[in-house]
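J.: have a look at this fold, sequence not included:
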């Protein structure tokens, strides 16, 4: 099975995690990031922007609702 994420993506996430630990990682709105999950998301987003091999963001699929009578 091929790798889902490229090496550049893991490097980007690693940098984001180090910044979070140091306390210098900022979110898009400028707030300090303390969440591990948010740090990973920021790292993957930066990797995506730089053109690294990262799968597309998952989007919620709308379920077909039942029609009312």
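T.: On my side now, so go ahead. Here the structure is a predicted model, which means the values were calculated and not measured. Residues are numbered from 1 along each chain as shown.
J.: every contact and neighbour count from this point should use C-alpha atoms.
T.: Will do.
J.: got the contact list for residue 52?
T.: For residue 52, the contact set (Cα atoms under 8 Å, 6 or more residues apart in numbering) comprises 6, 8, 9.
J.: one more time with 10 Å, if that's ok
T.: Contacts here follow Cα atoms under 10 Å, 6 or more residues apart in numbering; on that basis residue 52 touches 5, 6, 7, 8, 9, 10, 12, 44, 45, 46.
J.: isn't there a strand covering the fifth one?
T.: Okay, so that is residue 9. No - read with DSSP: H, G, I helix; E, B strand; the rest coil, residue 9 is helix and lies in no strand.
J.: wait, doesn't it sit right on residue 3?
T.: No - look at residue 9 against residue 3 with Cα atoms under 10 Å: they stay out of range, at 11.2 Å.
J.: helix or strand: which one has the most centrally placed residue in the chain?
T.: Taking Cα atoms, centre = their mean, the centroid of the chain lies closest to residue 41, which sits 2.2 Å from it. According to DSSP states H and E, residue 41 maps onto helix 36-49.
J.: give the buried residues for that helix.
T.: Residues 39, 40, 42, 43, 44, 45, 46, 47, 48 are the ones in helix 36-49 that count as buried (16 or more other Cα atoms under 10 Å).
J.: any idea how far the second one is from residue 7?
T.: What that stands for is residue 40. Residue 40 is 14 Å from residue 7, where distance means Cα to Cα, to the nearest Å.
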